[in-house]
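S.K.: Any chance you could fold what I've pasted below:
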Amino acid sequence: MLYCSFTTDSEPKVIGVRDGMAQVNVKFDRFTDQTTQAEMERFFDFRTYWQHDNHIPPRPFRVEYAELRSRAKLTDFLESDLYYMGCPFMLSRRAREVFELHELGPSYWFDVIIYDKAGLLVSNDYSLFYCPYLGYEAIDFARSRFRLNLSLPASPRWEYIKLPSLQTFEAFCNTKHKIPNIESLVMSEQFDRSLDYFKCRIGPIFMSERLQNAVKEAGLTNAVFPLKTGSVAFAD
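M.R.: Residues are numbered from 1 along each chain as shown. Okay, the predicted model is just below:
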């Protein structure tokens with residue numbers, strides 16, 4: 001199966017905001033449950049995430065107050081300022097319905113309530129989507145291809161690298177102090193080949209052709225499948 005990389009847009013005409021940043025900001029100080037922020041930050045913190053015994057949330061979190069920024073648009077894939085491990089975006093109800101028709105593996109949905117700057121309700125139809133990352137064991141390093149961009153992001157000039165094992169990958173990162181980009185990932189025998197969506201510890205989010213086509217057919221907004229600079233993954 002072929003998987004294509006996926007990202008969201010940063011264009012003001014798509015997301016409304018001009019700085020390419022989040023469309024909504026979560027306001028923990030307006031939550032009625034004041035334990036939520038500490039619990040979420042403790043669980044999703046990138047510095048300790050991989051030290052957890054498992055990646056199952058301790059409880060179904062509820063994002064009680066997300067504030068829509070001035071001029072921001074409510075897209076189906078909605079960027080927030082919660083830069084948590086495994087939580088790339090909030091999804092509208094119709095986007096969630098598309099996702100739930102596909103194989104996501106272990107995944108979780110946290111209810112979100114969105115307000116405007118005046119405190120008026122904008123929407124309670126969104127969910128924060130959490131899908132735990134796959135570990136290194138899902139990657140066949142010997143058959144995968146990595147790359148470094150030697151130029152500007154907008155006009156990349158790639159240096160291609162072979163890193164045939166996890167050990168050589170880690171040695172490269174420790175020596176160069178860089179994490180290489182993914183040209184193509186080949187998934188190992190431990191990878192679940194039924195998945196339509198996944199992200200490994202390295203590389204972008206990947207969607208199967210099935211899910212990608214469903215997203216396009218539904219006309220979901222703020223979904224980008226980069227063709228020239230994107231990455232692919234293969235499962236035999």
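S.K.: next one: phi and psi at residue 63?
M.R.: Dihedral pair for residue 63: phi -90, psi 100, per degrees, to the nearest 10.
S.K.: least trustworthy helix or strand in this structure by mean pLDDT?
M.R.: Least confident element among the helices and strands of the chain, by mean pLDDT, DSSP states H and E: strand 158-161 (a mean of 87).
S.K.: and the helix or strand following that one, which residues are buried?
M.R.: Note on strand 158-161: by DSSP states H and E, the next helix or strand toward the C-terminus is helix 166-176. Burial within helix 166-176, assessed by neighbour count using 16 or more other CB atoms under 10 Å, is assigned to 169, 172. Quick note: C-beta positions are derived from backbone N, CA and C, even for glycine.
S.K.: Export only the CA atoms of helix 166-176, formatted as PDB.
M.R.: What follows is helix 166-176, C-alpha atoms only, in PDB (Å, rounded to 0.1, in the frame of the first residue of the first chain):
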ATOM      1  CA  LEU A 166      18.300   2.400  13.900                       C
ATOM      2  CA  GLN A 167      21.800   2.500  15.300                       C
ATOM      3  CA  THR A 168      23.200   4.300  12.300                       C
ATOM      4  CA  PHE A 169      20.200   6.600  12.300                       C
ATOM      5  CA  GLU A 170      20.800   7.600  15.900                       C
ATOM      6  CA  ALA A 171      24.500   8.000  15.300                       C
ATOM      7  CA  PHE A 172      23.800  10.300  12.400                       C
ATOM      8  CA  CYS A 173      21.400  12.500  14.500                       C
ATOM      9  CA  ASN A 174      23.900  12.600  17.400                       C
ATOM     10  CA  THR A 175      26.800  13.600  15.200                       C
ATOM     11  CA  LYS A 176      25.000  16.000  12.900                       C
END
